[in-house]
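Undergrad: I'd like to go over a predicted model; first the sequence, then the structure.
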Amino acid sequence: MNSSRQRGLAAPFALVTGFGALFALGTVAAGLHGRFSPTAVLIAAAAVVTVLSFVAEPLAAIPLAVVGWLTALGFSHPPYGQLRFGGPYAGRAAIVMAVCALAAGGLGLILRRSADRPILEGVGSDIARQGTRAAPGRGKGGRGAGGRAAPEGGSVLARAAYAVGARRALSGVLVAAVGLPLLTLLLALARHHLSLTDDLLIYLLAVVGLAVIGGFWPAVLGAAAASLLLNWYFTPPLHTFTIDKPDNLLALLLFVTVAMLVSSVVHLAASRAGQAARSREEARLLLTLAQTVLGGADTPAAVLDHLVATLGGRAELLEFVGGRWVLIAASGSAPDGAATTRVSVRTDLTLEVAGQPDPIASGLLAGFAAQAAAALDRERLRTQAAQAEALAEGNRMRTALLAAVSHDLRTPLASIKASVSSLRQTDVAWSESDEEALLATIEQNADRLDGLIGNLLDMSRLHTGSLQPFLRPISIDEVAPIALRGLDAPANVRFEVPDEMPLILADPGLLERVLANLFSNALHHSPATRPPALQAHRQDDTVVLEVIDHGAGVPDGLKTEIFEPFRRFDDRKVGVGLGLAVAKGFTEAMGGAIVAADTPGGGLTVRITLPVATASAGAESMQGAES
């Protein structure tokens, strides 16, 4: 239950209202010149005290009863202004005021506790209502049973009376205990130079100072003590609580009322400053959270880490799935038995915090909860997008493979089938040259079919991530001739590799496949009079291999696209468009790089960069292979 609901109307506003009403009652009684009987004055004062004690917080009942008693004594019958503390009327008035204040204050507190709703809603205790319903399935046996804790409530007026901490209030009481007697001594010494009006204004200034130092309650005590000191030392007859002149009593009542009113205004201003500081700090924390999320840390765990780093304790994000609460993200730690505060973002998602050294404002906690929920949604959307992209890529790969099987793979198979069928015909006598031509066709298409299937298998290895290269120091002369085997015209590729070329760190099998695909691509695009070439040179700690052709070349805008799978820019070429894609994947798997550039005079140059093999690198590669 919210404590500000139980308190009722805040004391600064209840006391100011009560003092004003009692002052008006005394003024009316004095103006009627005895036509308002002592019993009527007592009843009216008791009514004011009863009503305000009922709607106000319990502590306000005591000063209300005291001022009501003084009002009944001073304005019960003429001469007005004389406080008569003796006699049966004073005793009856004290009993009536005490009973009314205690009974009304206690009854109001009991009703507020039982009904859990504010009295005089909208005046001083219109508490901001928030539901305390539990999220689904969060019963007593669940995780931290109960619903979401109600956030800080109360209107601005109700919270204003409690903005000053206990240390400042104690300081105000000590200043009042020391300062008011000292001030009285100084004023008594200057009695012949000051009037009662001067004394009242000086005491009023002291009470305002107490409000600034210690808040409202020290100012209330200071105003009461100052009124008694003024009555005893400065209102005739001196050193008695009897006031022989009505205007002096009026001055004292005005002093108490104005002191209470000014103290309330000063305290409200101080509390507003404190609230503004807290709001500014909350805004700063939310801004920092927003910057953190926008900076890329937009996962639920990152939001909870920021919450714990800022406010301490432990934070958990829970989701209701399958009839039970599942922990989505958590951060920090809290001692056993720490109070838990919950914020339900929606019916199936809640944020729990515990163990924070200071209470968390409801708005700030709601902001963290909303950001955590949004981060969870974004994380799931990213996961779904990645899965959808993977499915789309898989569908594209399958579609391309089907197209390759239906066209590019069927063409060499058809040629092989036709040649074999021709050779097996018994009704035709083939010459030796015809048989050689048919066998050459079978061999050529079988090699082409082997290359196509090899590229498909290589791309499958790259696509599934199962490729694990074995790097070791090798020479270019060791791999390049093997890469020419199975090509249509291996003798037409020129090698221009210097003898002093250092060893490179690469996988021999993968490098062979890379060069074979590059050689095949260059042979298909180079004219017969200008065959392609393989050149090599050293550049710092790397070796650059260049496969150069003198064909039509590739436009600059397409030089990066030619390395993508199933991209073909020449319809006359037989294949599925995987040769350069496989070469790029294998080269990068070996720690190298591959780019396309223009050949001087026309054509395309594919440049491969691989690291130079060193003794330490070779040893590390061998150890990695053995492990």
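TA: Happy to help now that I have it.
Undergrad: can I assume Ser419 is in contact with Ile442?
TA: Yes: proximity of Ser419 to Ile442 meets the contact threshold set by C-beta atoms under 8 Å, at 4.7 Å. (C-beta placed from N, C-alpha, C; glycine too.)
Undergrad: domain parsing for the protein?
TA: Here the chain is described, according to automatic domain parsing, as comprising the domains 1-130, 163-295, 297-383, 409-460, 469-626.
Undergrad: how about those in JSON lines, adding distance to Glu393?
TA: Conversion of these to JSON lines gives the following (distance: least, C-beta to C-beta, whole Å):
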{"stretch": "domain 1-130", "distance to Glu393": "48"}
{"stretch": "domain 163-295", "distance to Glu393": "29"}
{"stretch": "domain 297-383", "distance to Glu393": "16"}
{"stretch": "domain 409-460", "distance to Glu393": "12"}
{"stretch": "domain 469-626", "distance to Glu393": "10"}
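Undergrad: Now tabulate these in JSON lines and tack on mean pLDDT.
TA: Supplementary listing: these in JSON lines, determined by pLDDT from 0 to 100:
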{"stretch": "domain 1-130", "mean pLDDT": "74"}
{"stretch": "domain 163-295", "mean pLDDT": "78"}
{"stretch": "domain 297-383", "mean pLDDT": "82"}
{"stretch": "domain 409-460", "mean pLDDT": "80"}
{"stretch": "domain 469-626", "mean pLDDT": "80"}
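Undergrad: now those in CSV, with mean neighbour count and distance to Asn395?
TA: CSV is the format used below for the domains of the chain (neighbours: other C-beta atoms under 10 Å; distance: least, C-beta to C-beta, whole Å):
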stretch, mean neighbour count, distance to Asn395
domain 1-130, 19, 49
domain 163-295, 17, 34
domain 297-383, 18, 19
domain 409-460, 14, 15
domain 469-626, 17, 13
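Undergrad: so where do the helices sit in the stretch 101-250 of the chain?
TA: Shown for the stretch 101-250 of the chain, the helices assigned by DSSP state H, counting those that start in this stretch span residues 156-160, 166-189, 196-214, 216-234, 246-294.
Undergrad: could you say what helices and strands the third one packs with?
TA: The one in question is helix 196-214. Identification of packing neighbours for helix 196-214 by 3 or more C-beta pairs under 8 Å, 6 or more residues apart in numbering; DSSP states H and E yields helix 166-189, helix 216-234, helix 246-294.
Undergrad: Need the contact partners of it.
TA: 164, 168-173, 175-176, 179-180, 183, 187, 194, 218-219, 222-223, 226, 229-230, 234-235, 248, 251-252, 255, 258-259, 262-263, 266-267, 270 (C-beta atoms under 8 Å, 6 or more residues apart in numbering).
Undergrad: how about 7 Å then?
TA: Counting contacts by C-beta atoms under 7 Å, 6 or more residues apart in numbering, the residues outside helix 196-214 that touch it are 164, 168-169, 171-173, 175-176, 179-180, 183, 187, 218-219, 222-223, 226, 230, 234-235, 248, 251, 255, 258-259, 262-263, 266-267, 270.
Undergrad: What of the second one?
TA: Taking C-beta under 7 Å, 6+ apart as the criterion, the residues outside helix 166-189 that touch it are 194, 199, 202, 206, 210, 213-215, 217-218, 221-222, 225-226, 229, 233.
Undergrad: about what we covered before: nearest to Leu580 among the helices of the stretch 101-250 of the chain would be which one?
TA: Comparing the helices of the stretch 101-250 of the chain against Leu580 with C-beta to C-beta, the closest turns out to be helix 246-294 (39.6 Å).
Undergrad: got the angle between the following helix or strand past the closest one and helix 246-294?
TA: Counting by DSSP states H and E, the next helix or strand C-terminal to helix 246-294 is helix 300-311. In terms of direction (axes from the mean of the first three to the mean of the last three C-alpha atoms, to 10 degrees), helix 300-311 departs from helix 246-294 by 140 degrees.
Undergrad: Helix 300-311: what's the following helix or strand?
TA: Using DSSP H and E, the first helix or strand after helix 300-311 is strand 314-321.
Undergrad: Note down every partner strand of that following strand and its orientation.
TA: With DSSP bridges as the test, strand 314-321 is paired with strand 324-332 (antiparallel), strand 349-354 (antiparallel).
Undergrad: quick check, distance from the last one to the centre of its chain.
TA: In terms of C-alpha atoms, centre = their mean, to the nearest Å, the centre of strand 349-354 is set 13 Å apart from its chain centre.
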